[in-house]
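Q: A predicted structure for the sequence below; I have some questions about it.
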Amino acid sequence: MPKTSTQKFYKPSITADVVVFTIEDSLLKVLTVKRADEPFKGTRALPGGFILPGSDSMGTARRILKEKAGLEGIYMEQLYTFDDPKRDPRGSVVSVAHFALVHRDAISLETSSHTQDPTFTPLKHTGTLAFDHKKIIEYAYERLRGRLEYTNIAQSLLPKEFTFSELQNVYETIFSKKLDKRNFRKKIERLGLIKATKKKIKRGRQRPALLYTFASGKAESFKNPF
């Protein structure tokens with residue numbers, strides 16, 4: 001059999017793009033930046049960049065968030081590979097997309113000559129985005145909804161200690177619907193998802209509310225879906 005040179009095979013470029021979600025004022029928001037170069041210069045897009053030699057997609061994604069938005073140390077997982085040959089006008093560019101979650105109070109976006117105007121925008125009002133980034137965000141949103149049903153991923157959108165109402169608000173915001181408080185509490189108790197602390201917090205004229213924390217600080221799956 002004749003030898004085949006690997007140089008005969010076309011080698012596409014590979015990027016890492018990141019969908020970062022947070023919840024603010026009961027709205028699910030996503031992080032975008034303003035592109036500094038062509039194509040789509042000046043258009044908002046997901047934080048992203050090319051994977052450099054010696055780097056993997058996860059390491060690249062974390063580097064990108066630090067460089068373009070000043071974000072680091074947040075929950076992240078690989079999402080999907082987007083490889084439509086027409087997704088990038090520069091040629092065949094494959095995107096290894098990731099999605100990340102962060103509590104709003106843990107965000108301190110940096111604005112400098114290196115960052116690219118990082119902004120959290122309501123999911124429903126992202127407007128025109130570069131490349132196929134709308135599609136990537138939609139895919140990430142569906143993944144988030146699915147993961148919320150069988151993992152404790154909600155903890156990445158909450159402070160370490162929170163009220164039961166704040167936990168319910170995360171689910172209601174992501175699923176875009178009101179949940180019956182009694183039924184929701186029963187499901188959470190059945191899962192053993194959270195545990196009560198001995199602390200209470202008073203906000204406004206409301207009665208002091210008990211604070212909770214997640215039973216496990218590690219990412220875990222449920223035996224029975226939510």
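A: Now that the structure is in, tell me what you want to look at.

Q: just the local confidence number for residue 36, please.
A: With respect to pLDDT, residue 36 scores 88.

Q: hang on, it packs against residue 115?
A: No. In this structure, residue 36 sits apart from residue 115 without contact. The criterion is CB atoms under 8 Å, and the distance is 9.9 Å. (C-beta placed from N, C-alpha, C; glycine too.)

Q: neighbour count: the two, which is higher?
A: Per other CB atoms under 10 Å, whichever of residue 36 and residue 115 has more neighbours is residue 115, with 19 against 12.

Q: spit out the contact partners of that one.
A: Taking CB atoms under 8 Å, 6 or more residues apart in numbering as the contact definition, residue 115 lies against 33, 67, 68, 69, 70, 109.

Q: so for stretch 159-173, mean pLDDT?
A: Mean pLDDT, stretch 159-173: 97.

Q: buried ones in it?
A: With burial defined by 16 or more other CB atoms under 10 Å, the residues of stretch 159-173 counted as buried are 162, 163, 164, 166, 167, 168, 169, 170, 171, 173.

Q: helix, strand, or coil at the fifth one?
A: Just to be clear, that refers to residue 167. Per DSSP: H, G, I helix; E, B strand; the rest coil, the secondary structure class of residue 167 is helix.

Q: likewise the last one?
A: Counting by three-state DSSP, the backbone at residue 173 sits in helix.

Q: and the longest helix for the chain?
A: Looking across the chain with DSSP state H, the single longest helix is helix 133-150.

Q: mind saving the C-alpha coords of that one as PDB?
A: Taking C-alpha atoms only, helix 133-150 is exported to PDB below (Å, rounded to 0.1, in the frame of the first residue of the first chain):
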ATOM      1  CA  HIS A 133     -22.600  32.900  18.000                       C
ATOM      2  CA  LYS A 134     -26.400  33.100  18.300                       C
ATOM      3  CA  LYS A 135     -26.600  29.400  17.500                       C
ATOM      4  CA  ILE A 136     -23.900  28.600  20.100                       C
ATOM      5  CA  ILE A 137     -25.700  30.600  22.800                       C
ATOM      6  CA  GLU A 138     -29.000  28.800  22.000                       C
ATOM      7  CA  TYR A 139     -27.200  25.400  22.300                       C
ATOM      8  CA  ALA A 140     -25.600  26.500  25.600                       C
ATOM      9  CA  TYR A 141     -29.000  27.600  26.900                       C
ATOM     10  CA  GLU A 142     -30.500  24.200  26.200                       C
ATOM     11  CA  ARG A 143     -27.600  22.500  27.800                       C
ATOM     12  CA  LEU A 144     -28.000  24.700  30.900                       C
ATOM     13  CA  ARG A 145     -31.700  23.800  31.200                       C
ATOM     14  CA  GLY A 146     -30.900  20.100  30.800                       C
ATOM     15  CA  ARG A 147     -28.100  20.100  33.300                       C
ATOM     16  CA  LEU A 148     -30.200  22.000  35.900                       C
ATOM     17  CA  GLU A 149     -32.600  19.100  36.000                       C
ATOM     18  CA  TYR A 150     -30.100  16.400  37.000                       C
END
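
Q: next SSE after it?
A: Once helix 133-150 ends, the next helix or strand along the chain (criterion: DSSP states H and E) is strand 162-163.

Q: just give me how far that following strand sits from the chain centre.
A: In terms of CA atoms, centre = their mean, to the nearest Å, the gap separating the centre of strand 162-163 from the centre of its chain is 21 Å.
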